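Undergrad: Predicted model and sequence below, questions to follow.
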Amino acid sequence: MDIEQVGVIGAGQMGNGIAHVFASAGYHVRLNDVSADALAAAQALIAKNMDRQVAKGTMTAENRDAALGRISTTLDLGELGQSDLIIEAATEKEDVKNEIFKALQPHLKPETILTSNTSSISITRLASRTDRPEKFMGFHFMNPVPVMQLVELIRGIATDEETFKTCHAVVERLGKTSATAEDFPAFIVNRILMPMINEAIYTLYEGVGSVTSIDTSLKLGANHPMGPLELADFIGLDTCLSIMNVLHDGLADTKYRPCPLLTKYVEAGWLGRKTKRGFYDYRGETPVPTR
Ligand SMILES: CC(=O)CC(=O)SCCNC(=O)CCNC(=O)[C@H](O)C(C)(C)COP(=O)(O)OP(=O)(O)OC[C@H]1O[C@@H](n2cnc3c(N)ncnc32)[C@H](O)[C@@H]1OP(=O)(O)O
Ligand SMILES: NC(=O)C1=CN([C@@H]2O[C@H](COP(=O)(O)OP(=O)(O)OC[C@H]3O[C@@H](n4cnc5c(N)ncnc54)[C@H](OP(=O)(O)O)[C@@H]3O)[C@@H](O)[C@H]2O)C=CC1
């Protein structure tokens, strides 16, 4: 199936990056959110990130203008009706995602492929609530989307081969690399990455090390580009907690128990960079550890 028109739902940190890479690859993108402010902020951020590419010489000014011209925004889900492919990138909550698909599907063409950028939630279960489980799959980008090479592709139990092949070809046209994961809680990347981040938070909680010593240890001792607490703030602590809960509930093993300190930060509304406070405080010139 030919994909030209792409609908992206959720204009947060992932949605803006997804719109960026699809528009850069020549797709027409309709970006939707429940918040007009989120849409305006996403458009401004995409323009800023593309300006950086132009300044670096990795994109021409002409291509930037054309790519920005291919992105339109809307608060109305119904306006995504002509999309060939939908990528849902709203908040990591199953009921939010189910509600979005329910509201969206009456507007869709029968052949439209539905996908979710979920970090952890069962693709089979999300698909089963829609009118097209065979045309539904996981399309999981990594953060920051314009920089990270990987897209995890996840088939639900009902996903048909044509849907998988179409999504696989889209990843290639984006110039990215796919890895295929079976539909188990948190798939591959987050099954491995998130317990490490959770363990770093336990290490902090138990007083083994401070925020600085934990992040320095993994950066300089294991060559990670970001320390695990810095990365948790970057991903969003609400998203990290949701992923740990999916692992804990879905695999029923206490080794996935979310650290109580992670829960406490989320309850405080300290969600990391996006709220300017998490394991670091981002309100000043440079991030300051909060513990
Ligand atoms: C939770 C999930 O479901 C799955 C996930 O996504 S897990 C998270 C996966 N992501 C990671 O692990 C990221 C780990 N961190 C990194 O790789 C690096 O710190 C980083 C790439 C984010 C930044 O790298 P850095 O060297 O510290 O910074 P910097 O030199 O400023 O940036 C490197 C490049 O990324 C670009 N960049 C950085 N942040 C960006 C952003 N938010 N958006 C777009 N581009 C960005 C910069 O423009 C720069 O581009 P060039 O190479 O063309 O110059
Ligand atoms: N953060 C990360 O590193 C990664 C996240 N993901 C996944 O991507 C998805 C999005 O995450 P992320 O971008 O970080 O989250 P953000 O919190 O940055 O953005 C989510 C956006 O979705 C909006 N939203 C909420 N409900 C709806 C709705 N009903 N319709 C349309 N938009 C809605 C939110 O609006 P409002 O703020 O007003 O509620 C917000 O703008 C999640 O499923 C997450 O697991 C995948 C890979 C990496």
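TA: Thanks, I have the structure now. Numbers count the residues shown, from 1 in each chain. Ligands and ions are numbered 1, 2, ... in the order given.

Undergrad: Going by C-alpha atoms from here, please, whenever you check contacts or count neighbours.
TA: OK.

Undergrad: Let me see the contact set for residue 133.
TA: The neighbours of residue 133, taking CA atoms under 8 Å, 6 or more residues apart in numbering as the test, are 124, 127, 156, 158-159.

Undergrad: Tell me the pLDDT of it.
TA: pLDDT, residue 133: 98.

Undergrad: now it: how far from residue 10?
TA: In this view, residue 133 and residue 10 are 21 Å apart by CA to CA, to the nearest Å.

Undergrad: cool, residue 215 as well?
TA: Residue 215 is 30 Å from residue 10, where distance means CA to CA.

Undergrad: Could you check which of these two has the larger neighbour count?
TA: Each of residue 215 and residue 10 has its neighbours counted (other CA atoms under 10 Å); residue 10 has more, 23 against 20.

Undergrad: count of neighbours near whichever residue of the chain sits closest to ligand 1?
TA: When scored by CA to the nearest ligand atom, the chain has residue 142 as its residue closest to ligand 1, at 3.4 Å. Close neighbours of residue 142, defined as other CA under 10 Å, add up to 19.

Undergrad: Not counting sequence-adjacent ones, nearest residue to it?
TA: Spatial nearest neighbour of residue 142, excluding adjacent residues (CA to CA, 6 or more residues apart in numbering): residue 148 at 5.9 Å.

Undergrad: Ok, residue 36 next?
TA: Using CA to CA, 6+ apart and skipping the chain neighbours, the partner closest in space to residue 36 is residue 75 (6.9 Å).

Undergrad: now swap in residue 116 and tell me
TA: Residue nearest to residue 116 in three dimensions, not counting chain neighbours: residue 88, with 4.6 Å by CA to CA, 6+ apart.

Undergrad: Can you list phi and psi of the one you found for me?
TA: phi -90, psi 120 (degrees, to the nearest 10).

Undergrad: so who does it touch?
TA: 8-10, 97, 114-118.

Undergrad: now with 7 Å?
TA: Counting by CA atoms under 7 Å, 6 or more residues apart in numbering, residue 88 makes contact with 8-10, 115-117.

Undergrad: with those residues in mind, which one is nearest to residue 57?
TA: Proximity of the contacts of residue 88 to residue 57 (CA to CA) peaks at residue 8, which lies at 27.4 Å.

Undergrad: And the pLDDT at that closest one?
TA: Among the per-residue scores, residue 8 holds a pLDDT of 98.

Undergrad: likewise residue 99?
TA: pLDDT, residue 99: 98.

Undergrad: Just the buried residues of the helix or strand where it lies, please?
TA: Per DSSP states H and E, residue 99 falls inside helix 94-104. For helix 94-104, the neighbour count (16 or more other CA atoms under 10 Å) marks 94, 97-98, 101, 104 as buried.
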